[in-house]
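A.B. asks: dropping a prediction and its sequence here:
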Amino acid sequence: MNAQHEPEDLLTIGEMSSRTGVAPSALRYYEDLGLISSLRTGGNQRRYARHMLRRVSLISVAKRLGMPLSDVHDAFGDVPMEATPSHEDWQRASRRWKKQLEERRRGIERLEHELTGCIGCGCLSLKACALLNPDDALAATGPGPRRLEDFPDDGA
């Protein structure tokens, strides 16, 4: 039986979880982060607008690809939650997200270059190795993998 759904129909947290495959606890977490929103009934139960299905699905895909939820939040920036987003709303989000993905792809390509080049060779040549850090000279520049983060963009 194929029931007809209206865009203004509201979904319970269980229905949203069932439709998206996202646990109710994760839905509450996404709401706390401002990634999604819900309405409350008189009994304080969450009800989600049907258009939240798309947002939750996109969040799920982003998580599977290893994207930070903060990037998703930035991409959704001005996509309205209180009404069904327009085609233009999603296009703006898509352009923002594409820019983030391109930056991420360049970083992954730089890391791949290092993994197959310098790290993979194992020589740690004092003259050629871009990752070598004699006497821990990079400690003053901050924590973390400084050389990999700052590897020059080779136009990739």
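C.D. replies: Great, that's in hand. Numbers count the residues shown, from 1 in each chain.
A.B. asks: where exactly do the helices run in the protein?
C.D. replies: Listed in chain order, the helices of the chain (DSSP state H) span 13-20, 24-32, 52-64, 69-76, 87-116, 118-121, 146-149.
A.B. asks: nearest to residue 139, of those?
C.D. replies: Each of the helices of the chain was scored for nearness to residue 139 using C-beta to C-beta, and the closest is helix 146-149 (8.9 Å). All C-beta spots, glycine's among them, are computed from the backbone N, C-alpha and C.
A.B. asks: tell me the mean pLDDT for that closest one?
C.D. replies: If you average the pLDDT over helix 146-149, you get 59.
A.B. asks: got it, and stretch 72-88?
C.D. replies: The pLDDT scores in stretch 72-88 average 88.
A.B. asks: buried set for it?
C.D. replies: Applying a neighbour-count criterion of 16 or more other C-beta atoms under 10 Å, the buried positions in stretch 72-88 are 72, 75-76, 79, 81, 85.
A.B. asks: wait, what's in contact with residue 44?
C.D. replies: Contact criterion C-beta atoms under 8 Å, 6 or more residues apart in numbering gives no residues in contact with residue 44.
A.B. asks: nearest the middle, which residue of this structure would you pick?
C.D. replies: In the chain, the C-alpha nearest the mean C-alpha coordinate belongs to residue 67, at 3.3 Å (C-alpha atoms, centre = their mean).
A.B. asks: next one: phi and psi at that one?
C.D. replies: Note on residue 67: backbone dihedrals following degrees, to the nearest 10 are phi -80, psi 140.
A.B. asks: wait, it sits on residue 104?
C.D. replies: Yes - contact status for residue 67 versus residue 104: in contact at 7.4 Å, counting by C-beta atoms under 8 Å.
A.B. asks: sorry, back to before: okay, the residue nearest to the centre of the chain: pLDDT?
C.D. replies: As summarised for this prediction, residue 67 has a pLDDT of 87.
A.B. asks: so how far is residue 15 from it?
C.D. replies: Residue 67 sits at a distance of 26 Å from residue 15 (criterion: C-beta to C-beta, to the nearest Å).
A.B. asks: for residue 47, list each beta-bridge partner.
C.D. replies: Going by DSSP bridges, residue 47 is paired in beta bridges with residue 12, residue 39.
A.B. asks: surely it touches residue 12?
C.D. replies: Yes - the pair residue 47 and residue 12 qualifies as a contact (C-beta under 8 Å) at a distance of 6.5 Å.
A.B. asks: with that, I have no additional questions.
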